[in-house]
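[1] Below: sequence and its predicted model.
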Amino acid sequence: MSRKGLKEFTRQYFLWILAFLMILFLFLVNLFSPGNPGRNEVIQQYFISRYGFSDLSLFLKDPSIPVFVLLSTLFSQMGFYGYQFFGFLLGTLICLISVRVPENQKFSKAGFLFVLFIPLFLRSIFVNIPFLLFGFFLVSGIYLYYKKRFLISSLIFSFLPLFGLPGVLLWIFYFILFAFKRHFRLLPWFLTGFLLTSLSGSFLGRNFFWVIQSWIDVIHTEKFKYSGTFFYLLKDRYTNIGLPVIVLFLSGIMACINPLFSKNRQDRSNALDFFILVFVPFILVFILMSFMTFKGMIEPETNTGFLSALLPLAGWISFKGFSLILRYFCNTSSLQKGFLGITSVIIIGCGMAELNWSSPTTEEKIIDQTIKWLHSENIPGSDVYYTNPGYLFHFGQNPFKRSGNTRIFNYRDMKKIPEGTVFIWDCHYGSDDCRIPMDSLVSSGKFRLVQCFSSINKYDSLNADFYESFIFRKQSCKISENMSFLKKAGKLPYQTKVLADFDFEKTCSQVNSINLTNNFVYQGKYSYEMFGYSQYSPGLVAKVSDVSDSLNDVIIRVSLNIFPIIDFRLNTAYFVLSLDSGGDLYFFQTYLLEKYNLRLWHWNFINVQFYMTGIHSFNDILRCYIQHSPNQSIYMDNMRIERIRLSK
């Protein structure tokens, strides 16, 4: 091929070459870097994608899962790196579409970089692939509307409601837009995604309106511990969006509004299309997410995920601002190319700086050390039981298949650990991993502690504690032997102080006779029945000074036996721990009972631990109890509330 032909080929296929090189670059860096960006965050997504068809009940966990599994499962069958390749491909397609929307502007191909290297969007390619899929549906629908492919656009928009309330808002907005543009024959196609997903749920045993019910559940769920300020989304604006994109976004707002008043009819029409299709939806969803954060209706991870899905729109608006600066401040071609080069380098630098792939995470290091020790001891994976799903990468097990799976999901599963096998306890879910407090294993007399690994630095996700992995062998041993091992390893044993103890055999200030029953009893003559107006169980109400001599690192453990006769997924019940100062509630933490996989019509033993740090005053009031909806009764027995701390 001649030089001229090569130049023409490069010019014609520049975007596809750029896309290929970018996918290859991300994949190779991800493959050969010591750490794996986002591996631990994306584990559950990967398993749902890979094993979704082996357990169809997974499809009912969220309305977006059927579409997510159908599109990603082919890649997931090739392993974890195949699933991440799907994320790279999805992110690159979004960037390619981002080039096509402002294609009539100068340097429009630079829009690829303006989206890809927004820090949060680049991280989402590794860790938030389901939300990336939401962003893909959004930008694809907008692009096809621009290209006047209205039928396909309406079909794609019909899947937006499956991704939660922000998707519902966008669906309503674009439905109204199609109606306003008199595309009445296309309006029924807006129901396609909803109808297909609702039908799939009804075939699998759910109500036909289970998708709508998922929206209602979000509206009526109060997660007070997640509430924040109205401007929470702007809290990490520099690390999530990046300063250059923010500056260009502000100028982009002017670029969106100014042409609306142009004398040129065509310019006015193009500006109005962009304003309605891109700018208005971005602002509407941003306000909705801010409101949901303010009201405590959305978790931080979900909040960040939806923001990452919106960032391509922010990138488009930023590119508008870039074009505005070119038009008014860069008169010559050399100035324009220089400004483009400087801007691109800064944006790429900001995006790469926020993607930490230089070294393994703390959790990955501990898992790798544990696996190496197991190999050195010639212990096969079939003889290893564990709670952290990170070990599934090494043992190749389906996490949703109980038979042949050595993963432990809760305290009840401990019974299936055979004598002589190994159990790995680590603090992946906190210091009572899967509601199995480490001190209960140490003092059980049934598990011998044989090895432990601890991180060098403290782990922020665990209230600035160390990330630890303890390896037990299922065999009888003396408690003193485990304590001696802990002492040699520099791990101090626990001390406990009983704060409240209810056997429900007699009435007291918190237990009325009407709540004592012998319908279902775990031990003794009576148990406690929560029913009707009894929405709050007996519990702890005390000053902090009566509980602890410290305002930091206070651990409260609640243990009890519970007998459910209702499915807690349909009737919410949860543990509650709160702190208030002078009537002003400033700490509210909950644990949903549905997370414990409780067996209906059976007694279930539950352990839960709450961690508090930064308590305001010793005079603050601490409350600990169970709250449930008054639809049905639940029974409990032998409830104990303790404070736990390491001995000095």
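    The structure has been received and is ready for your questions.
[2] Can you give me the distance of Thr73 to Leu392?
    Distance of Thr73 to Leu392, computed by C-beta to C-beta, to the nearest Å: 17 Å. The way it works is simple: take the backbone N, C-alpha and C, and place the C-beta from them, glycine included.
[3] What lies in contact with stretch 265-285?
    101, 104, 138, 142, 145-146, 166, 169-170, 173-174, 177, 253, 256-262, 306, 310, 313-314, 316-317, 320 (C-beta atoms under 8 Å, 6 or more residues apart in numbering).
[4] now stretch 200-216
    Residues from elsewhere that reach stretch 200-216, judged by C-beta under 8 Å, 6+ apart: 56-57, 59-60, 62-63, 66, 161-162, 164-165, 168, 194, 197-199.
[5] neighbours around Phe27, how many?
    Counted with other C-beta atoms under 10 Å, residues neighbouring Phe27 total 16.
[6] For it, list the residues it contacts.
    Residues in contact with Phe27 (C-beta under 8 Å, 6+ apart) are 81, 84-85, 88.
[7] go on, Pro564?
    For Pro564, the contact set (C-beta under 8 Å, 6+ apart) comprises 593, 598-601, 604, 634-635.
[8] hmm, 10 Å instead?
    571, 573, 593-594, 596, 598-604, 628, 632-636 (C-beta atoms under 10 Å, 6 or more residues apart in numbering).
[9] Same question for Ile257.
    Contacts for Ile257 were tallied using C-beta under 10 Å, 6+ apart; they are 271, 275, 279.
[10] would a markdown table of these with pLDDT, distance to Lys416 and secondary structure be doable?
    Putting the contacts of Ile257 into a markdown table (pLDDT from 0 to 100; distance: C-beta to C-beta, whole Å; DSSP: H, G, I helix; E, B strand; the rest coil) gives the following:
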| residue | pLDDT | distance to Lys416 | secondary structure |
| --- | --- | --- | --- |
| Ala271 | 79 | 65 | helix |
| Phe275 | 86 | 60 | helix |
| Phe279 | 86 | 56 | helix |
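[11] just the residues you listed now: which is nearest Phe134?
    Nearest to Phe134 out of the contacts of Ile257 is Phe279 (C-beta to C-beta; 18.7 Å).
[12] Distance-wise, check that closest one relative to Tyr145.
    According to C-beta to C-beta, Phe279 and Tyr145 sit 14 Å apart.
[13] Compare the two (neighbour count), which wins?
    Neighbour count, other C-beta under 10 Å: between Phe279 and Tyr145, Tyr145 has more, with 23 against 20.
[14] quick one: low-confidence parts of the stretch 201-350 of the chain?
    Applying pLDDT under 70 to the stretch 201-350 of the chain flags the ranges 205, 215-233, 236, 238, 295-301.
[15] where exactly do the strands run in it?
    For the stretch 201-350 of the chain, applying DSSP state E, counting those that start in this stretch gives no strands.
[16] Contact partners for the nearest residue to Leu191 once chain neighbours are set aside?
    Ranked by C-beta to C-beta, 6 or more residues apart in numbering and with sequence neighbours excluded, the top spatial neighbour of Leu191 is Ser158, at 6.4 Å. Contacts for Ser158 (C-beta under 10 Å, 6+ apart) come out as 137, 141, 171, 174-175, 188-197.
[17] Can you flag the buried ones in the residues you listed?
    Among the contacts of Ser158, those scoring as buried are 137, 141, 171, 174-175, 189-190, 193-194, 197 (criterion: 16 or more other C-beta atoms under 10 Å).
[18] Just flag the most distant two among the residues you listed.
    So, the buried ones among the contacts of Ser158 by C-beta to C-beta: farthest apart are Tyr174 and Thr197, at 17.8 Å.
[19] Give the bridge partners for Arg557, please.
    On the basis of DSSP bridges, Arg557 is bridged to Gln609, Glu642.
[20] Please tell me I have it right and it contacts Met639.
    No: judged on C-beta atoms under 10 Å, Arg557 makes no contact with Met639 at a distance of 11.5 Å.
[21] how about the strands of the stretch 401-550 of the chain, start to end?
    For the stretch 401-550 of the chain, the strands defined by DSSP E, counting those that start in this stretch cover 422-426, 447-459, 465-474, 494-502, 516-517, 527-530, 540-543.
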